[in-house]
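*Asks:* dropping a prediction and its sequence here:
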Amino acid sequence: MKYYPTIGIECHVQLSTKTKLFSEVDNDARGKEPNSCVSPVDYALPGMLPRLNGEAIKFAIRAGRAMNCEINASSRFDRKHYFYPDSPKGYQITQFYHPIIGAGYIELPDGKKIRIEHAHLEGDAGKLTHFSTYSLVDLNRVDTPLIEIVSMPDIHSAKDAHDYCKALWRAMCYAEVTNGDLYNGNMRFDVNVSLAEEGAKELGTRAEVKNLNSFKSVERAVEYEIKRQSKLLDKGERVIQETRGWNDATGETTGQRSKEEAKDYRYMPEPDLPPINLNQEFIDEESKKLPLMPKDYKEKFTGKIADDTLEVLLDYPPLMKKLAEIEDAKRVSNWFASVLLAEEKSAEYLNDLPTAKQLDDLAEMTEKGELSSTGAKEVFLKFFDPEMSKRDTKTIAKELGVIQENDLGELEKIVDEVLADPATKQAQEDFKAGQEKVIGFLVGQVMKVSKGKANPSSAQQILRQKLK
Amino acid sequence: MKIADKNTSAVSLVKEALEKAKKYEDKHIFVSLNEENALKKAEEIDKKIAKGEKVGRLAGVPYALKDNFLSKEGNTTASSLILEPFHSPIDSTTVKKLEEEGAIMIGRTNMDSFAHGSSTENSYFGPTKNAKDDERVAGGSSGGSAVAVALDIVPFATGTDTGGSIRQPASFNGVYGFKPTYGTISRYGVVAMASSTDCIGFFTKNTEDMNLLMEICAGQDSNDMTTLPDYYNETEEKEVKKIGIIKDFDNDKVDENIRNALAKKVEFLKQKGYEIVELSMPTLKYALAVYYIIVPAEVSSNLSRHDGIRYGYRSDNAKDLGEIFSKSRNEGFMSENKRRIMIGNFVLSSGFYDAYYLKAQKARTKIIEEYKNAFEKVDYILTPVSPNPAFRLGEKVNDPVSMYLEDVMSVPINLAGVPSLAVPAGTTETGLPLGLQIVGPRRSDKNLLKFAKILEEDK
């Protein structure tokens, strides 16, 4: 039988604030020793109290606006209790009853709107590494600010689930609230999938696949769940409401624990933190700081940059941001898409892009014919060489010796020299006799004598005149 | 209180305090003494004085620290097994402020484990005895601090008051005990009991010392987001005319000695020209029920961090992760701690939250309103602190409900977040101290202490 899938997605986004949500410790633990970014508050010594990071509130407002959401003037924190070594306080501070971000939506590339139910602020948990007889606890990640974004069950296919996650990821990256590094878990997706018979009014029982960290795994997990649940229903069996894990290698989900025996989190309002009351002025002011979103860039560049190039570049917010400062966006977009992104170290390069002036100059020199396309590419790559990146475009081009000779007098002398060379005599006669192709050989000779600096089209022009 | 100067050395003040502490060892007031550190600090202060350098407002004053305040000196045990091995790497805000003014901690005082109790009998280290009667309780939970001041070991001691834990032992031992407006003094670095009612306060022999301690310790702390701006040092004086007494507390469940003490103070105030107003506060009878829902809920949550993983006691009998949690907690907590954790977990559990916790919060709002209304009619309210003077050791320890009933007159004040000062009010015929409390509107703390000075005249 054919079933109609209904999918809702919860997404955790790690915010890239300077300090943690409830302490003044560095929030960026990348490359740091385990348990080195931990304050007495994160470690949950007795008598320690959370201290709310105002920057996280500002990030939440931006994130909310990036999803077209209402920002709630009043919100509050709650405690969610569970015992596990990754949770030093014995509870997570979250917003269960009154979240900061209200309803909104995310638009998919085909124009579909997926509604956001709400999004709330909360602290992340620590990390456990298990060994055969013991486990190690790293609390560096404890109380890294997260926003959890809860969608409405508006998604009905694996592809839309994929597109929703990607659109959400882009929205968060462009809003500049997260580093967006999926590989390192900066965004994690929990996918709820249920099936119902076509036309049925009630939704079926759902299973939740937790902790997916790529769009592809979201898509595959949904596909797998639709197949698995269809088979069960076809056999007349029932789907169990449970949490399932995803195995990327086998492409399968497996049952973990059933919701029916799920823990009771004993939610309670957090008495150590007063409610967050935001006035409209503050909300408006922070909302104005929302940078341009993907749709803004699309509007700006459609027709100026090839559609497929634009689609590729939209995955790289720093590139779009840079393009917006550039005169000749078309030419530069091609370098970004086909040169920069083809480089092995492109991810690193994105952090330190050339200045708009460097790129504008490069485009101009190419336009004027002072650089060949190969020469331009060479110069472009030097922008990422720490030894040269600070220099201006012309200086780099000169140092590389790739500026094309455009002095016609000088070029004419070289052409004369080539034509006087007995080795080209035969070719000259052949050309005069109507063998067009031979001109290439002659231009090649000019290039050789000029050591590659001659502008080939100018050289050809002069040759043709002389051989008339 | 005596402060070190050219005539009185800090070392002699501290030595004297330590000698007295040892003299009263049988009372079991202290969990640990801080002899070495205290004397070293005293010497430093004396050197400063000799050199003519500036010293603080509490230079060389020895004090006793309730065992739930984090301090880098000695272990902060909260008089429990589970924190017995815990040495804090940081000082609580209160300790920091006191020491900046030159106060010297001579020892940590005994308390009901995690401040759960009204008699200091729930201490892992055994009970503290009443200052005046070895057969009777010190009150609690800050029993050790109250007795330390009552026996003149130290001029002041710190306390915490979640439902009467400063005022009740103060009145059981005949000293002043102040619970300020909620949020006046930072809770940072004090082992939490119930976050929404915990208040830091002090025991002293007079209101002037209390005022000085408040001036030093009150004020907003960026480490405690529930602290209020520093209004304490900026309050304007107000003329006091009307004093309320609560009709609902005037019944035969209150000991006759205490009712007489109240009547005597009322007469004194009348003679002084104050108008006495009888108040009816009917919702206060729900306060105890509300308190024993909200407080255990917060207790169960705040005690979750004691899990045997990072610090404190860990059971040797644990075979897996689940047992590290369950055995460390089961062995490390006292039965009263466990009772409150279980009540708290029950009222917060899914399906019961609305019926208990949410309803209790609504009732709490009513209690807050009732105090607000009362303070539109009167300037202060004078009531007993507890229905009885100090009871016998062991008398109520196996009857938790009768123990909880001891808090009936103190807990409404914590739920409302208003300030209250316990003042000595004579003794019984056998010499047991009696106490009353003056309750004021939120943020009236400084004026309240001034008004209380008038009562000092009536000895």
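*Replies:* All right, it came through fine.

*Asks:* drop to CA atoms for contacts and neighbour counts, all remaining ones
*Replies:* Fine.

*Asks:* mind checking the SS state of A:Leu292?
*Replies:* Reduced to three states with DSSP: H, G, I helix; E, B strand; the rest coil, the structure at A:Leu292 is coil.

*Asks:* in space, what's closest to it - neighbours in sequence excluded?
*Replies:* Excluding its sequence neighbours, the residue lying closest to A:Leu292 (Cα to Cα, 6 or more residues apart in numbering or on different chains) is A:Tyr174, at 7.0 Å.

*Asks:* up against chain B, what does the stretch 151-300 of chain A have?
*Replies:* Applying Cα under 8 Å from any Cα of the partner chain, we find that the stretch 151-300 of chain A lies next to chain B at A:264-268, A:271-274.

*Asks:* among those residues, which are located in strands?
*Replies:* Judged by DSSP state E, strands contain the following of these: A:Met268.

*Asks:* may I have the phi/psi pair for residue 73?
*Replies:* Just so you know, I chose chain A. Summarising the backbone geometry of A:Ala73 under the convention degrees, to the nearest 10, its torsions are phi -60, psi -30.

*Asks:* chain B, not that one
*Replies:* Per-residue torsions, B:Glu73: phi -100, psi 110 (degrees, to the nearest 10).

*Asks:* now do B:Thr162
*Replies:* When read as degrees, to the nearest 10, the backbone of B:Thr162 gives phi -100, psi -30.

*Asks:* skipping adjacent residues, who's closest to it in space?
*Replies:* Ranked by Cα to Cα, 6+ apart and with sequence neighbours excluded, the top spatial neighbour of B:Thr162 is B:Asp198, at 4.4 Å.

*Asks:* so which residue of the stretch 251-400 of chain A comes closest to chain B?
*Replies:* Distance from chain B to each residue of the stretch 251-400 of chain A (Cα to the nearest Cα) is smallest for A:Arg266, at 4.9 Å.

*Asks:* show me what contacts that residue?
*Replies:* By Cα atoms under 8 Å, 6 or more residues apart in numbering or on different chains, the residues touching A:Arg266 are A:79-81, B:345, B:348-350.

*Asks:* most neighbours, which of those?
*Replies:* Tallying neighbours with other Cα atoms under 10 Å in any protein chain shown puts B:Leu348 at the head of these, with 28 neighbours.

*Asks:* poorly predicted segments of the stretch 201-350 of chain A, please.
*Replies:* A:257-262 (pLDDT under 70).

*Asks:* what about the helices in it?
*Replies:* When assigned using DSSP state H, counting those that start in this stretch, the helices of the stretch 201-350 of chain A occupy the ranges A:215-234, A:280-288, A:294-301, A:307-313, A:317-323, A:329-334, A:346-349.

*Asks:* could you dump those helices into TSV with mean neighbour count added?
*Replies:* Supplementary listing: the helices of the stretch 201-350 of chain A in TSV, determined by neighbours: other Cα atoms under 10 Å in any protein chain shown:
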stretch	mean neighbour count
helix A:215-234	19
helix A:280-288	14
helix A:294-301	15
helix A:307-313	15
helix A:317-323	19
helix A:329-334	20
helix A:346-349	14
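
*Asks:* closest one to B:Val408 among the ones you listed?
*Replies:* Of all the helices of the stretch 201-350 of chain A, the one in closest proximity to B:Val408, counting by Cα to Cα, is helix A:280-288 (43.8 Å).

*Asks:* let me know the outermost residue of chain B.
*Replies:* Of all residues in chain B, B:Lys319 sits farthest from the chain's C-alpha centroid, using Cα atoms, centre = their mean; the distance is 39.3 Å.

*Asks:* quick one, strands of the stretch 201-350 of chain B?
*Replies:* Defined through DSSP state E, counting those that start in this stretch, the strands belonging to the stretch 201-350 of chain B, from first to last, are B:242-246, B:275-279.

*Asks:* picking up where we left off before, sort the contacts of A:Arg266 by pLDDT and name the bottom one.
*Replies:* Lowest pLDDT of the contacts of A:Arg266: B:Ser350, 89.

*Asks:* residues in contact with it?
*Replies:* For B:Ser350, the residues meeting the contact criterion (Cα under 8 Å, 6+ apart) are A:264-266.

*Asks:* ok, now with 7 Å
*Replies:* Counting by Cα atoms under 7 Å, 6 or more residues apart in numbering or on different chains, B:Ser350 touches A:264, A:266.

*Asks:* report the buried residues of the helix or strand hosting B:Glu369.
*Replies:* Following DSSP states H and E, the helix or strand that holds B:Glu369 is helix B:359-377. Residues of helix B:359-377 classed as buried: B:360-361, B:363-364, B:366-368, B:370-372, B:374-375 (neighbour count, 16 or more other Cα atoms under 10 Å in any protein chain shown).

*Asks:* I'd like the next helix or strand past it.
*Replies:* Secondary structure here is assigned by DSSP H and E; on that basis, the next helix or strand after helix B:359-377 toward the C-terminus is strand B:380-384.

*Asks:* from the chain's centroid, how far away is the helix or strand just after that following strand?
*Replies:* Where DSSP H and E defines the elements, the next helix or strand beyond strand B:380-384 is helix B:400-405. The gap between where helix B:400-405 is centred and where its chain is centred comes out at 18 Å by Cα atoms, centre = their mean, to the nearest Å.
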